[in-house]
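Chemist: model this:
(one chain, ligands or ions: 1)
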Amino acid sequence: MKQARCLIDKNYIIDDINDELFGSFIEHLGRAVYTGIYEPKHPTSDSKGFRHDVIKLVKELDVPIVRYPGGNFVSGYNWTDGIGPAKSRPKRLDLAWHTIENNSFGIDEFADWARAAGTEIMAAVNLGTGTPQDAGYMVEYCNHPDGTYWSDLRVQNGHTEPHNIKTWCLGNEMDGHWQICQLSAEDYAKKAREAAKIMKWVDPSIKLVACGSSSSRMPSFPDWDRIVLEYLYDHVDYLSLHSYYEEESTTEDFLASFINMDYLIRTVGGVIDFTKAKTGSKKNVKLSFDEWNIWYQKKQSDHDWQSAPVMFEESYSLLDSLVMGGLLCTLLNNCDRVKMASLAQLVNVIAPITTKPGGGILKQSTYYPFLQVSKYGRGKALKVLSRTPVIETKQWGEAPLLQMAATMNEEAGSVTLFVLNTDINDSINLSLDMRSFGKTEIIEHLIMNGDNLEATNTFENPEAVVPGYVPVNTHSNDGGVFNLNLQKLSWNTIRFSIPKAE
Ligand code: AHR
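Modeler: This next block holds a predicted model:
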């Protein structure tokens, strides 16, 4: 059996893990909103039309912040179409996705939904067809108490209290040719800077996210990020990263997608450091990984000019859930730089939750690694010092066969080790040194694995891919040095008790 060693030490702390690392995303796209979170005639819906079977799962995932309303959609969206009496809201062509937007759901409904789901909003403003002034008006509508045109309009529309949205994205993927009103880095940076000034004058307490490159494959990567930051460094709090993964070459390469995510974070982190030095700024701009997931982008759907058609409804497999585990480890291991992230997306569209119109709800395979990391990955991230066998991948070069992350919650007296074993053939024996913690025991070992990597959950067979348990007595503990047998192709969540902080 292959051997690996690792050490985690209570004093080797990467950083506090921000809760916002477990954020997600709802776009006006496909059935994310309509028949996703919002379906007035559904049996579980409340008087506002919010599906409570969905809210229950969003609460279980404990998603602290949700990005809205796009995505590509936002670059052609006039947010005022989505406010006021439902009957007078216009139906529009959505040019981003070639659908019809009926606007019966807008920012006021989303604010009510977010409250019901116990989550915060990360709002995006339109910097495609929209102007900096429109962006400022939206902040005024949402956050100003009352006594002005836009804030009084919100009150008139039934929301006496401001929505108090604290985080705002300055547009979306403005480097992309697919974006409505794509801009050059310089033109975007100037427009975003003027929007930022207006938005912060309206509400100085808000945090702003500038558009970084929409992927590391863009020809302008990472120059786009550098130029944008040179104009915006002192005006924004975060720079965005986006990345989607799919099986493009071998299964081994797909499993090692975390290497690319790590590379992206380190490269853009370097650009931030460079710009900080160049501008002489004292502040640290953080990263917002506000679109990440597994997405089989080559699959197209035929849906032109329908309202809320089925689009990008992935049926995620066991393999996809393993890949997601690896990506989650990378986010944790970089939590000193990545302070927010959004799993794109939350319901129906490339999502861990699938709904049937008028019917039931399904947890996709990827629901589970996200749930486990959201539940047990809070607190502080610990550095995992490891020596593991490696393989040579086609896309990413050398990759460790084990991808790991460790988190510690001293108040609760717990440490969790997350491990993805990407080895296609073998189990790996991991010698884990936890002696620095004092008396340590394994509480639970959850595992996702199986013979069929293509297995998926369906409404007919909803538990085809769910976590199981490894009996903890199969692991030995020699004075805080554990011997863990990690099955081939498995995602593991191993929870330990440690002495609680005094
Ligand atoms: O999440 C789906 C789409 O992917 C978003 O609208 C866009 O920002 C990205 O290209």
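
Chemist: the lowest-mean-pLDDT helix or strand in the chain: how far from the chain's middle?
Modeler: Of all helical and strand segments in the chain, the minimum by mean pLDDT, DSSP states H and E falls on strand 476-478, at a mean of 87. The chain centroid and the centroid of strand 476-478 are separated by 36 Å under C-alpha atoms, centre = their mean, to the nearest Å.

Chemist: can you check stretch 295-315 too?
Modeler: That offset, for stretch 295-315, works out to 20 Å (C-alpha atoms, centre = their mean).

Chemist: ok, stretch 190-197 next?
Modeler: Per C-alpha atoms, centre = their mean, the centroid offset for stretch 190-197 relative to its chain is 25 Å.

Chemist: ok, residue 120 - contacts?
Modeler: Contacts for residue 120 (C-beta atoms under 8 Å, 6 or more residues apart in numbering) come out as 64, 65, 66, 114, 165, 166, 167. C-beta: built from backbone N, CA, C; applies to glycine.

Chemist: phi, psi of the nearest residue in space to residue 378 that is not next to it in sequence?
Modeler: Closest residue to residue 378 in three dimensions, ignoring its sequence neighbours and counting by C-beta to C-beta, 6 or more residues apart in numbering: residue 17, at 5.9 Å. Dihedral pair for residue 17: phi -90, psi 120, per degrees, to the nearest 10.

Chemist: verify the stated contact: residue 17 with residue 376.
Modeler: No: in this structure, residue 17 is not within contact of residue 376 by C-beta atoms under 8 Å, at 10.9 Å.

Chemist: what do those two both touch?
Modeler: Taking C-beta under 8 Å, 6+ apart as the contact criterion, the residues that touch both residue 17 and residue 376 are residue 407.

Chemist: which one's more surrounded, those two?
Modeler: In terms of neighbours (other C-beta atoms under 10 Å), residue 17 is the more surrounded of residue 17 and residue 376; the figures are 24 against 21.

Chemist: can you pull the contacts of the more buried one?
Modeler: When contacts are counted by C-beta under 8 Å, 6+ apart, residue 17 touches 332, 335, 377, 378, 379, 380, 381, 407.

Chemist: residue 176 now?
Modeler: Listed by C-beta under 8 Å, 6+ apart, the contact partners of residue 176 are 72, 182, 214, 218.

Chemist: who wins on neighbours among those?
Modeler: When neighbours are counted as other C-beta under 10 Å, the busiest of those turns out to be residue 214, with 24 neighbours.

Chemist: wait, isn't that residue in contact with residue 171?
Modeler: No: here residue 214 does not reach residue 171: they are 11.0 Å apart, not a contact under C-beta under 8 Å.

Chemist: in the stretch 301-450 of the chain, what residue is nearest the ligand?
Modeler: When distances are taken as C-beta to the nearest ligand atom, the stretch 301-450 of the chain reaches nearest to the ligand at residue 344, 4.2 Å away.

Chemist: thinking again about what came up before, for the contacts of residue 176, which one is nearest residue 320?
Modeler: Compare each of those with residue 320 using C-beta to C-beta and the shortest gap goes to residue 214, at 21.7 Å.

Chemist: neighbours of the spatially closest residue to that closest one that is not a sequence neighbour, how many?
Modeler: When the adjacent residues along the chain are set aside, residue 214 lies closest to residue 173, with 3.8 Å between them (C-beta to C-beta, 6+ apart). Applying other C-beta under 10 Å, we find 23 residues neighbouring residue 173.

Chemist: any idea of the pLDDT on residue 173?
Modeler: At residue 173, the pLDDT value in this model is 98.

Chemist: name the SS class of it, please.
Modeler: Remark: residue 173 carries the secondary structure label coil [criterion: DSSP: H, G, I helix; E, B strand; the rest coil].

Chemist: now do residue 74
Modeler: Counting by three-state DSSP, the backbone at residue 74 sits in helix.

Chemist: so what's the residue nearest to it when sequence neighbours are not counted up against?
Modeler: Leaving aside its sequence neighbours, residue 74 sits nearest to residue 124 (C-beta to C-beta, 6+ apart; 4.6 Å). Contacts were defined as C-beta under 8 Å, 6+ apart; by that measure residue 124 touches 67, 68, 69, 70, 71, 74, 168, 169, 171, 172.

Chemist: can I take it that the fourth one is in a strand?
Modeler: Spelled out, it's residue 70. No: counting by three-state DSSP, one finds residue 70 to be coil, located in no strand.

Chemist: return the distance of it relative to residue 29.
Modeler: Noted for residue 70: a distance of 7 Å to residue 29, by C-beta to C-beta, to the nearest Å.
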